[in-house]
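> need a structure here:
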Amino acid sequence: MNKNDLVAAVADKTGLTKKDSERVINAVIDGIQEALAGGERVSLVGFGTFEVRQRKSRVGRNPRTGETIQIPGNAVPTFKAGKTLREMVTKR
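Purely as a prediction, here's the structure:
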């Protein structure tokens, strides 16, 4: 499913137009992005939790030369599925 498919599904379930559905989806995505950028955690009960985690710096290896390099730590967005979502997926 891509974004257009999601917009169509939301429009079908809510009775909104596709244009209004796209605005709603964009607003939700923007809200999640802004919260994560601000260091907040976003929890949608039953669906899951979005948060930013810090990766530690580590030593890596250049595959071409075999030379060891230092890979710096950084922040990465993560998602952990909620119980309801996990149960729906595992029943498939």
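> does the spatially most distant residue from the centre of the chain count as helix, strand or coil?
In the chain, residue 65 marks the outermost C-alpha relative to the chain mean, sitting 34.6 Å out by CA atoms, centre = their mean. Following DSSP: H, G, I helix; E, B strand; the rest coil, residue 65 is assigned to coil.
> can you tell me the helix or strand for the residue nearest in space to the middle of the chain?
Taking CA atoms, centre = their mean as the criterion, residue 79 is the residue nearest the geometric centre of the chain, at 5.6 Å. Element membership for residue 79, per DSSP states H and E: strand 74-81.
> Which residue, other than its chain neighbours, is closest to residue 73?
Nearest residue to residue 73 in three dimensions, chain neighbours excluded: residue 57, at 4.2 Å (CB to CB, 6 or more residues apart in numbering). Every residue, glycine included, has its C-beta placed from N, CA and C.
> Might one say that the one you found is in contact with residue 72?
Yes: using CB atoms under 8 Å, residue 57 makes contact with residue 72 at a distance of 5.1 Å.
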